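[1] sequence unavailable; structure follows:
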Ligand code: B12
């Protein structure tokens, strides 16, 4: 049987080499061994960052990047299934509505944040990407969510983050929900300016912020 570190190394290698079968073999072995799922997801996150680095340095092509994202989607679904099969329904610490703003279809980072928040015990309503502010705010009301996690990966769509805050104020519910924002061009300064509660740089920071919000 492989040790935890050997399995993590294999998870990293297979993902970076876009070896789909290898990735799923590791997940099966990981669940057989009963190790902490968060560690495995973090490793896939690291592997994805390496793929992005290779893409940006033109060592990988877009096709490889897209294959890796499709594997990651399957990984997220499989891990959710396995957790449910093993009866691991983590407690509901609070409900988080998550998504990306209108005209932004980047969703890799959002998907990782979504999975990690779920694993940390939050009920996550993942609305996907390219969302109107009203879709996000309606989901908050419908699900009585206490946290919004939303991103804009491009500068041109950042304005849509502000629109969410404006809409929350118009509906009179700004103080009922915490708002964390993220994305490549987003900064804490921008979060302060539009009245969001925090800017998070990583999925780990997103979990830490959500924990702070509910404490
Ligand atoms: C992959 C990628 C794409 C893929 C997206 C695939 C997908 N399904 O997501 C494709 C090729 C489709 C794409 C398209 C475009 N892209 Co693009 N893309 C990237 C790239 C290379 C990587 C982003 C990524 O997924 N990284 C991997 C993830 C795991 O890492 P991450 O994003 O850092 O995520 C972590 C944290 O940020 C955080 N996080 C991320 N999202 C969220 C969300 C929430 C809610 C939370 C809580 C946390 C969180 O948690 C994650 C894990 O720790 C970036 C460059 C970069 N380095 O960021 C450009 C980049 C974001 N893209 C850019 C651009 C311009 C575009 C296009 C407009 C290009 C074009 N001309 O068509 C289109 C826009 C499409 C659209 N309408 O949205 C620019 C944006 C520049 C800007 N400031 O406006 C960037 C920065 C590239 C650049 N340097 O110019 N892109």
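    Great, that's in hand. A quick note: this is a predicted structure, and the numbers were derived from the prediction, not measured.
[2] now the element after the lengthiest helix in the chain, going C-ward?
    The residue-count maximum for a helix in the chain (DSSP state H) belongs to helix 62-85. Using DSSP states H and E, the helix or strand that follows helix 62-85 towards the C-terminus is strand 95-100.
[3] residues of this protein that sit close to the ligand?
    Counting by CB under 6 Å from any ligand atom, the residues of the chain close to the ligand are 45, 48, 52, 55-56, 62, 65, 69, 98, 103-110, 112-113, 149-151, 153-155, 180, 182-185, 200, 202-203, 206. Placement of C-beta: from N, CA and C, glycine included.
[4] the residue of the chain found nearest the ligand: how many residues sit nearby?
    For the chain, the residue closest to the ligand is residue 109, as judged by CB to the nearest ligand atom, at 2.2 Å. Residue 109 has 22 neighbours, counted by other CB atoms under 10 Å.
[5] so what's it up against?
    151, 153, 182, 183, 203 (CB atoms under 8 Å, 6 or more residues apart in numbering).
[6] which segments of this structure make up each domain?
    4-85, 95-214 (automatic domain parsing).
[7] now do the longest one: distance from first to last residue.
    Going back to what we said before, that points to domain 95-214. 10 Å (CA to CA, to the nearest Å).
[8] what about the strands in the protein?
    95-100, 123-126, 147-151, 178-182, 198-199 (DSSP state E).
[9] okay, the ones you listed in a markdown table with distance to residue 30, mean neighbour count and mean pLDDT next?
    What follows is those, written out as a markdown table (distance: least, CB to CB, whole Å; neighbours: other CB atoms under 10 Å; pLDDT from 0 to 100):
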| stretch | distance to residue 30 | mean neighbour count | mean pLDDT |
| --- | --- | --- | --- |
| strand 95-100 | 24 | 26 | 98 |
| strand 123-126 | 21 | 19 | 93 |
| strand 147-151 | 26 | 26 | 98 |
| strand 178-182 | 27 | 24 | 98 |
| strand 198-199 | 31 | 20 | 98 |
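[10] so which of those comes closest to residue 19?
    strand 123-126 (26.7 Å; CB to CB).
[11] which strands or helices does that closest one pack on?
    Helices and strands touching strand 123-126, by 3 or more CB pairs under 8 Å, 6 or more residues apart in numbering; DSSP states H and E, are strand 95-100, helix 108-119, helix 133-143.
[12] hey, which of these is tucked in deepest?
    Among the helices and strands packed on strand 123-126, strand 95-100 has the highest mean neighbour count (mean count of other CB atoms under 10 Å), at a mean of 26.
[13] for that strand, what is the distance to the chain centroid?
    9 Å (CA atoms, centre = their mean, to the nearest Å).
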